[in-house]
Every structure is written in structure tokens, then in C-alpha cells.
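In: Predicted model and sequence below, questions to follow.
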Amino acid sequence: MVPLLRELAARGHEVVVASASSFAGHIASAGFRPYTVGVDFRVGEEERLVPDLAAARKRRDDTFPYTRRVLVETLGEAAVADVLDLASSWRPDVVVRDPVEFAGLAVAEALGIPHATGRENRFLSPAGWATELGDSLRRLGQLAGADDLGPAQLYRYLGLAPVSPRFALARTGRPPTREFGTHVHPTMRFTRPEAPEGPAGPNTRGTARVLASFGTVFTAPELMSALLDAAERGDWQVVVTHDPPGHDVPAGVRFVGYTPLSWVLPSCDAVLTLGGLGTVMAALNHGLPMVVAPVNADQPVNAERCEALGVGVRISPSATPEALATALDTVLTNPSFAARARAEQAELAELPGAGAAATLVETVARTRWPVPDLMTGERDAS
């Protein structure tokens, strides 16, 4: 969402980012004004706020209603009063929200403010959202002053999806995942995922170079150990965007810390990732095949999409060094993976960027009409 918000700010608009207090420093460093709402929280700390979630994960209960219990009834309800205070006093012209941040939705609907989602990846149908959320949105809306808030309002005006349509609609051949689908709402618009550009380190040894990105939330210590073991035997360099582990690091492995992916990907040949959307899209933006070792959240779905598109292979996050080395060798030596990744790169390059997305947000804010109405020039009376 940062390129979109920077584009809006560059056009002279005032941007405020509402989030938990622990994220305020990151917001300020990105050049925006932070505003603290709700409980202090980082992704990965859900079990502290919802103890039932810890018990469900311990017994491997995939039916736990995470979106409803955690994102709406816990985080949404905790933030709605603060978001309402901000919106009532500052009076924004539009709310751009994460698709699973629901307090902003409730307040926008209560005050009649147009709203947009900024990084869609779920693609659930209205029926799927209704099953996922139950009655929780209606109760959240009542706290904000909105009557009968429900799934029909989720994408009332505009949704922005920083993925290719082919990636979003990839048929995995597996049973549908409860929290993810392939439904594209009429107001959804696909945009090109963008990231800050920077210097790319050279591949000085002439061997294949693998970027290993372990994300910022979920951890995979077994996979890290397997990577270090495999790197001693593999014919490739490894660059790791993570803090160094507490044991010996073999030659050919370099830890660069949390570095913008666009700074290192141009000199890489493949990516090892847990499967978060940001890393997957960054890899495809550079035409790179992947080995995906999903842990949680959207990672398993993204891994399945990568397999379905032929741009990567999926392994377990507890894979052995031998299995990891085999997977990396597969995507590095089988040219079909790189070819299909470059095809995805070409499709992403054809999508509109942050400038076009900002224009859509501006237009929705000005007209207060949904995107399909803007396209046809007609407004649905409903």
C-alpha cells in the first residue's frame, strides 16, 4: 500500500495511517503521519489476545473462525472508537484500508465516507464472507453507528489487488480454502505490485544465487537450519534477509538483514520463501522461480497458486536439507520454472501502477460512486 499512499501524498493529499502504537515508528519512517488506534498489537501475537486461538492451533483445528474472532471481534472492536474519533474530527474524504481491517470499514459506512481496500488477496465471494464473518460485522457496525453492516458493503466502492488476475484465479486442484477463494468483485481492480528501487549486489562468483526470505512474522527455524546445511553442499550462493542465527554460517551464505527485496532480487536466480504475498509478488515482478515452504495465513494458498502456475515448488517448512537442496536444484535447472515466472513478470508489467490506483481512489473520493458506475457513467439506484 505504501506506493499508493506516497502517490496520493505527492499529489498534495494529506495521508494519516491508523494502526497499533508499536507500528507508529514504521509509519513515520515511511513519511506518513501515524495515529494510534486499538490495542497495541503485532501480527503473530494473536494468541496473547485470543487464548482460544492458541488451544485451537495446538490441536491443529483449522475450523477456528480466525477472521471473525480475532480480526473483527477482538481487533476491530478494540479500534472502532479510536477510528471514529479520528474520522469525526479530521473528516477524511476516503478511507483506504487493509481488506481484513474492519474498524475503518464500519466507521466509513457510519459516516458516509467512501472506502477502498488497498491490497486484496482473499477473493472470497459474498457468501464466503458471510460464512466467515457470521454476525460479527453487524455488531461492529452498531458500535460505529452503522446499521446492518454486512459483506455487501465490503467492496462497495473500490478494491485494489496488487496481483495478476492469473495469480488470483489460479486453480490449485485442491479443496477450497475457507478464508481464500477466486471470486473477483465487480469493483475489484488489479494493480502492479511496486516496491522502492535500490542498488543490486552483483553475482560475483558466477554461480546461481538464491534469495532466502523468511518474512517478518512467521518463523521457520528448522528451514533455516536445513538451508545452512544444504548451502554447504549446493552449487549456489545464498542471500538471507533475516538476522544471522546463533551458529556457524557456511561460506557462500550472506545475511543482509531486513532489506528491501528489490535491492537484492535483480542479482538473484531463484527465491526461497515462506510464501507471504509481498515476497511472492516481488519474486514474480523480477521473473524469478520459487521454492515455497508455507507456515500459516495466506502462505499455503500462495504456495498452491505458485505450483498451479508452474512458477515454483512447495516443500514443508520442516524439510530436510536434502529435500530443500533438491527443490532448489529443480527450480534452478529446469528452465520451465524460470520461463513461467518470466511470463508472470510480463503480465504484472502490463497492469496499471500506483498512479492509476491513486486516480481511482481520488475519483471515488470525489464522486462517492462505486467503480463500475464510474466506468459506465451510470449509478445503480440500489
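Out: All right, it came through fine.

In: okay, CA-based contacts and neighbour counts for the rest of this
Out: Will do.

In: Per-residue pLDDT of Pro242, please?
Out: I think there's a mix-up here, since residue 242 is His and not Pro. His242 is assigned 79 on the pLDDT scale.

In: any idea how far Ala297 is from it?
Out: 20 Å (Cα to Cα, to the nearest Å).

In: The two: who's more crowded?
Out: In terms of neighbours (other Cα atoms under 10 Å), His242 is the more surrounded of His242 and Ala297; the figures are 18 against 14.

In: For that one, which residues are in contact?
Out: Ser213, Phe214, Gly215, Phe255, Val256, Gly257, Tyr258 (Cα atoms under 8 Å, 6 or more residues apart in numbering).

In: Kindly recompute the last result at 10 Å.
Out: Ala212, Ser213, Phe214, Gly215, Thr216, Met224, Arg254, Phe255, Val256, Gly257, Tyr258, Thr259 (Cα atoms under 10 Å, 6 or more residues apart in numbering).

In: Cross the residues you listed against strands and list the overlap.
Out: Of the positions in those, Ala212, Ser213, Arg254, Phe255 sit in strands, assigned by DSSP state E.

In: Which one of these is nearest to Arg305?
Out: Using Cα to Cα, Ser213 comes nearest to Arg305 of those, at 18.3 Å.

In: I figured the closest one was touching Pro294, is that so?
Out: No: using Cα atoms under 10 Å, Ser213 is not in contact with Pro294; the gap is 11.9 Å.

In: Show me whatever sits in contact with both of the two.
Out: Common neighbours of Ser213 and Pro294 (Cα under 10 Å, 6+ apart) are Thr273, Leu274, Gly275, Gly276.

In: Neighbour count, secondary structure and distance to Arg233 for those - can I get that in a markdown table?
Out: Below are these laid out as a markdown table (neighbours: other Cα atoms under 10 Å; DSSP: H, G, I helix; E, B strand; the rest coil; distance: Cα to Cα, whole Å):
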| residue | neighbour count | secondary structure | distance to Arg233 |
| --- | --- | --- | --- |
| Thr273 | 23 | strand | 20 |
| Leu274 | 32 | coil | 22 |
| Gly275 | 29 | coil | 24 |
| Gly276 | 26 | coil | 27 |
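
In: Output the residues you listed as TSV; include the columns pLDDT and distance to Leu309.
Out: Shown next, in TSV, are the shared contacts of Ser213 and Pro294 (pLDDT from 0 to 100; distance: Cα to Cα, whole Å):
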residue	pLDDT	distance to Leu309
Thr273	95	16
Leu274	93	17
Gly275	93	14
Gly276	91	16
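
In: Which of those residues sits closest to His26?
Out: For these, the nearest to His26 is Gly276 (19.1 Å; Cα to Cα).

In: if we can go back for a sec, out of the shared contacts of Ser213 and Pro294, which two sit at the greatest distance?
Out: Of all pairs in the shared contacts of Ser213 and Pro294, the most separated under Cα to Cα is Thr273 and Gly276 at 7.5 Å.
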